[in-house]
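Student: Below is the sequence, then the predicted model.
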There are 2 protein chains.
Amino acid sequence: MTTKTYNSFFLNFANATRFNILMSLIGGPLNVTQITNRVNEEQSKISHNLKKLEECHLLNVKQKGKQRIYSLNDKTVIPMIDLIKNHVKNYCKECDKREV
Amino acid sequence: MTTKTYNSFFLNFANATRFNILMSLIGGPLNVTQITNRVNEEQSKISHNLKKLEECHLLNVKQKGKQRIYSLNDKTVIPMIDLIKNHVKNYCKECDKREV
DNA sequence: AAAACATATGAAATCATCTTCATATGACAA
DNA sequence: TTGTCATATGAAGATGATTTCATATGTTTT
């Protein structure tokens, strides 16, 4: 596992926009316009970030007419969400409350 | 789970220095000087980064004389390492090879 | 073949994080 | 109570990531 690989893997989760994109896809695949609406950000911003997520294989794409449909790699993403949720629950109960 | 919480959680793994610190502690607790030697970085750099890891409860500290002994929160860190290793193995076989 | 729609891309500008350096603090030993 | 060892900290500078804006590409519709 190269430094670059795990660096970009975790960076993908660390960014709020990308984290929200992942969340928006938990319910099932969406096209770019739909993701853009759910996450409520600029289209080009979404596209740039989708690219990074896809490069890491956290997302898959397929073309459907002029749309591109993105779907979650849930084998990785769901366990990851569970892991951090558990961590926060067990170790960060207080610190997570004091908002900054 | 606040944005800040998951952001700093993942950021901790995304940084090479901190990732190496975590790795150095898999074998068991170490003091700062020992970590500094294993990771082979400046002492103040190590201290700054230890702080961030501790704030996220990925590390625990205890004082022992003038030393501070850091140990891994292995309940979280080990599963996390396993998760990314598996991801890379299953989905990034090729992309992980082409070094950048 | 032009227009319209959906998405991607490059580059500059902005914003956030990291490291570095100098110095401070805290604990123990002499 | 001074010196030394171990570690932490603040702030500036350096580096890196993200967003933005303008525009390009690709696909379908008319």
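Tutor: All right, it came through fine.

Student: Leaving out sequence neighbours, find the closest residue to A:H87.
Tutor: B:T76 (4.6 Å; Cβ to Cβ, 6 or more residues apart in numbering or on different chains). In short, each C-beta sits where N, CA and C put it, glycine included.

Student: Do I have it right that that neighbour meets B:N60?
Tutor: No - counting by Cβ atoms under 8 Å, B:T76 sits too far from B:N60 to count as a contact (11.3 Å).

Student: Check the gap between A:H57 and chain B for me.
Tutor: 4 Å (Cβ to the nearest Cβ, to the nearest Å).

Student: can you confirm the residue nearest to A:H87 is in a strand?
Tutor: No - counting by DSSP: H, G, I helix; E, B strand; the rest coil, B:T76 falls outside a strand, being helix.

Student: residues near it, how many?
Tutor: Using other Cβ atoms under 10 Å in any protein chain shown, B:T76 has 20 other residues around it.

Student: Which pLDDT value belongs to it?
Tutor: B:T76 carries a pLDDT value of 98.

Student: could you list every residue that touches it?
Tutor: By Cβ atoms under 8 Å, 6 or more residues apart in numbering or on different chains, the contact list for B:T76 reads A:L83, A:N86, A:H87, A:Y91, B:H57, B:L58.

Student: repeat that with 10 Å
Tutor: A:L83, A:I84, A:N86, A:H87, A:V88, A:N90, A:Y91, B:F9, B:C56, B:H57, B:L58 (Cβ atoms under 10 Å, 6 or more residues apart in numbering or on different chains).
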